[in-house]
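Peer 1: Just a sequence and a predicted model for now, questions to come.
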Number of protein chains: 2
Amino acid sequence: MRYRPELTDAARPSTSDVEAIDEHGATRRVSIAGEHPLTLYVDKRELVTIMTLGAAPEALAIGYLRNQRLVDRIEDIAAVQVDWETASVAVTTREGLKDLEAKTAKRTKTTGCGQGTVFGDLMDEIDRVKLPAGARLTRYALYDLLDRVRLHETIYKQAGAVHGCALAQNAPERAEILMFVEDVGRHNAVDAIAGRMWLDAYDGADKLFYTTGRLTSEMVIKCAQMGIPFLVSRSGLTQMGHEIAAKVGMTMIGRATHRHFLLFTGAERFVP
Amino acid sequence: MRYRPELTDAARPSTSDVEAIDEHGATRRVSIAGEHPLTLYVDKRELVTIMTLGAAPEALAIGYLRNQRLVDRIEDIAAVQVDWETASVAVTTREGLKDLEAKTAKRTKTTGCGQGTVFGDLMDEIDRVKLPAGARLTRYALYDLLDRVRLHETIYKQAGAVHGCALAQNAPERAEILMFVEDVGRHNAVDAIAGRMWLDAYDGADKLFYTTGRLTSEMVIKCAQMGIPFLVSRSGLTQMGHEIAAKVGMTMIGRATHRHFLLFTGAERFVP
């Protein structure tokens, strides 16, 4: 039986309505995206406060710890308990966090977000990542992914101001979406996907990762850490995102909308 | 005479070219935005590593220290020296940073960026912000701002993957752009504007602030801290961005493009 920590299920409503005045002077009710502080405690120790939409707070907490390399495997987490009244998520580990002091000593504000926090030096880890060389992405599957993402019901369509990430199953002719997470920060969305991948025991090798956000260094690093060989975005990329994707041998596709795309790295895995 | 710290002038090229394969199988040269680590040292002590486009590194360093409330005034900074060979910016202060330990003790990952770092509790400060009640923004000036931003030459048009911020002079019939900064992270762009405002001794009261990015809590807080009563974005806003803008009495306009906009807060300052 698959291991699962004890979990709350505390997703909160993603939008609320406010009044605004439009250019004609008319008052309109407008949906806006939620944004809520959520302080992460690990074994009763305060680690960080994340501002989040709140759609997947348990997975976000788990994925944050995973992507920051503070926890090695889901079995090390005993419980994840979100309490919005105190704006907190309490994670209980089996044996404590490893190397917390050393890892938190080095902060990196990262680009995608402008000023993100990465504990430890994730770049060092990148050398150890091996993405499956034999994986293939067909043009059919890519277009299917783009269609499915476009048709997906989203908070973005309703309220804007959020980024979305999707994890899809990579098959020769289709790309079914397994998870779709939106958040006010795109790094939160990718962390929540990472958390759900652990919870659902998904491997990255036969998956596709889609993001509405830009392909900056941190996005590429996180995708590589999850072991996903294909990274697709409707946005552009940065120089460092490009360099890291080339280095780890990731197949990276940017500016992907409708039937347009640019294949930047890892062309050997793409089947046109 | 206006005070200026000793400064390097180390802006670096913002784009580079890479090859990509498009949907027709054709190889194309594509411009992509730079992204470079820049480690900030203050009085030889390492503070943070910022991933940046590198267009305004000195102003970014100064604005970061300003917006994190680690330095109170430009006169406290003796020198700002960027060296891209070592990917570092060395800030020398006159009397050291105040309360560094206490401020760095509390980290907040903030939304806009998803995972930003805010030292100290900026929310506490918001109660002390007073924005000028008598300031007015006319519809003419708003439309002029939107036109100028639209026509501005940008890295975004060339390479995408960056956010832009503009500071404009607020006049009854026009809104001349005083500064325009782009960066891979939108918080870097606003920090660089904050740094240049200090360098050029600009007050915020008679200015407009424009951002391509979303109006999340951190964006609103930074605009308020700079004393700018008007915040305009082509994007949407979040619930917390809305709450804070309402609380500090900021005039906040979202979804502003061409002749469309939504006025969310501070309608009393707007002259239709």
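Peer 2: Alright, I've got the coordinates.
Peer 1: State the next helix or strand along the chain beyond the helix or strand that residue A:220 is a member of.
Peer 2: Using DSSP states H and E, residue A:220 sits in helix A:217-225. Remark: after helix A:217-225, the chain's next helix or strand is strand A:230-233, criterion DSSP H and E.
Peer 1: Pull the residues that contact that following strand.
Peer 2: For strand A:230-233, contacts defined as Cβ atoms under 8 Å, 6 or more residues apart in numbering or on different chains pick out A:135, A:137, A:142, A:145-146, A:170, A:207-215, A:219-220, A:223, A:245, A:250-256, A:261, A:266, A:269. (Each C-beta comes from the backbone N, C-alpha and C, glycine too.)
Peer 1: Apply 7 Å and report the result again.
Peer 2: A:137, A:142, A:145, A:170, A:208-211, A:213-215, A:220, A:223, A:245, A:250-254, A:256 (Cβ atoms under 7 Å, 6 or more residues apart in numbering or on different chains).
Peer 1: so where's the stretch 151-272 of chain A shaky on pLDDT?
Peer 2: Judged against pLDDT under 70, the stretch 151-272 of chain A has no low-scoring part.
Peer 1: Which single residue of it ends up nearest chain B?
Peer 2: In the stretch 151-272 of chain A, the residue that lies nearest chain B is residue A:185 (1.9 Å; Cβ to the nearest Cβ).
Peer 1: Distance of that residue relative to residue B:217?
Peer 2: Using Cβ to Cβ, to the nearest Å, residue A:185 is found at 11 Å from residue B:217.
Peer 1: one step back: out of the contacts of strand A:230-233, who's near chain B?
Peer 2: Contacts with chain B within the contacts of strand A:230-233, as defined by Cβ under 7 Å from any Cβ of the partner chain: residue A:214.
Peer 1: Taking the contacts of strand A:230-233, please make a PyMOL selection of just the buried ones.
Peer 2: Command for PyMOL that selects the buried part of the contacts of strand A:230-233, burial taken from 16 or more other Cβ atoms under 10 Å in any protein chain shown:
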select buried, chain A and resi 137+142+145+170+208+209+210+211+213+214+215+220+223+245+250+251+252+253+254+256
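Peer 1: count of residues packed around residue A:12?
Peer 2: 14 (other Cβ atoms under 10 Å in any protein chain shown).
Peer 1: Let me know the secondary structure of it.
Peer 2: coil (DSSP: H, G, I helix; E, B strand; the rest coil).
Peer 1: by contact count, what packs against the helix holding residue A:220?
Peer 2: If contacts are counted by 3 or more Cβ pairs under 7 Å, 6 or more residues apart in numbering or on different chains; DSSP states H and E, helix A:217-225 sits against helix A:122-126, helix A:186-199, helix A:239-248.
Peer 1: List the buried residues for stretch A:56-73?
Peer 2: When neighbours are counted by 16+ other Cβ under 10 Å, the buried residues of stretch A:56-73 are found to be A:56-71.
Peer 1: one step back: among the helices and strands packed on helix A:217-225, which comes closest to residue A:49?
Peer 2: Nearest to residue A:49, of all the helices and strands packed on helix A:217-225, is helix A:186-199, at 12.1 Å by Cβ to Cβ.
Peer 1: what distance separates the closest one from the centre of its chain?
Peer 2: What separates the centre of helix A:186-199 from the centre of its chain is 4 Å, taken as Cα atoms, centre = their mean, to the nearest Å.
Peer 1: re earlier: among the contacts of strand A:230-233, name the ones in strands.
Peer 2: Using DSSP state E, the subset of these located in strands is A:137, A:208-211, A:251-254, A:256.
Peer 1: how much space between the residue of the stretch 151-272 of chain A closest to chain B and residue A:211?
Peer 2: Relative to residue A:211, and taking Cβ to Cβ, residue A:185 is found at 12 Å.
Peer 1: Show the model's pLDDT score for residue A:126.
Peer 2: Note on residue A:126: pLDDT of 79.
Peer 1: mind listing what it touches?
Peer 2: A:221, A:224, A:244, A:247-248 are the contacts of residue A:126 under Cβ under 7 Å, 6+ apart.
Peer 1: Of these, which is the most crowded?
Peer 2: Highest neighbour count within these: residue A:244, with 27 neighbours (other Cβ under 10 Å).
Peer 1: Now for that one: which residues touch it?
Peer 2: Residue A:244 neighbours (Cβ under 7 Å, 6+ apart): A:126, A:217, A:220-221.
Peer 1: For the stretch 1-150 of chain A, just list every one of the helices.
Peer 2: Using DSSP state H, counting those that start in this stretch, the helices of the stretch 1-150 of chain A run over A:57-67, A:100-105, A:122-126, A:139-151.
Peer 1: Briefly note if the following helix or strand past the longest one comes near chain B.
Peer 2: Pointing back at helix A:139-151 there. Sequence order places helix A:155-159 as the next helix or strand after helix A:139-151, per DSSP H and E. Yes - counting by Cβ under 7 Å from any Cβ, chain B has neighbours in helix A:155-159: residue A:159.
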